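Novice: coords below, sequence missing:
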């Protein structure tokens, strides 16, 4: 795999990669259901997303050593993250519904 994204750019590309690989491997092993129950995009349940997130975090640990877990959670659950200026160590994650 190759990418034009600069290393260490803070774009969360390693987390996105880990989520993609985790999803594919879990689907291949039948650990998550890939049955499309609706029209269009595949929708995963909360427990399946939690499992993907867990394995993506393990991948992030291999890549980064001690990741925060925020990037893989954002990539898995489709949220956004922001840091509060007064407390930089405290990162707030807010759920955001995406509709396309």
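Specialist: Received the coordinates, thanks. Not measured: the values here are computed from a predicted model. Residues are numbered from 1 along each chain as shown.
Novice: tell me the contacts of residue 44?
Specialist: For residue 44, the contact set (C-beta atoms under 8 Å, 6 or more residues apart in numbering) comprises 32, 33, 52. The C-beta positions use only the backbone N, C-alpha and C, and glycine is treated the same way.
Novice: for residue 16, same thing?
Specialist: Taking C-beta under 8 Å, 6+ apart, we find residue 16 in contact with residue 75.
Novice: Please identify which helix or strand holds it.
Specialist: Residue 16 is part of helix 13-28 when elements are defined by DSSP states H and E.
Novice: avg pLDDT for that helix?
Specialist: Across helix 13-28, pLDDT averages out at 92.
Novice: Buried residues of that helix, list them for me.
Specialist: Residues of helix 13-28 classed as buried by neighbour count (16 or more other C-beta atoms under 10 Å): 14, 15, 16, 17, 18, 19, 22, 23, 26, 27.
Novice: now swap in stretch 60-75 and tell me
Specialist: By neighbour count on 16+ other C-beta under 10 Å, the buried set for stretch 60-75 is 60, 67, 69, 70, 71, 72, 73, 74, 75.
Novice: Adding distance to residue 46, write those out as a markdown table.
Specialist: Shown next, in a markdown table, are the buried residues of stretch 60-75 (distance: C-beta to C-beta, whole Å):
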| residue | distance to residue 46 |
| --- | --- |
| 60 | 20 |
| 67 | 22 |
| 69 | 17 |
| 70 | 19 |
| 71 | 20 |
| 72 | 16 |
| 73 | 13 |
| 74 | 16 |
| 75 | 16 |
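Novice: out of these, who's nearest residue 41?
Specialist: Residue 41 lies nearest to residue 75 out of these, by C-beta to C-beta, at 15.7 Å.
Novice: Before I go, just wanted to say thanks for your time.
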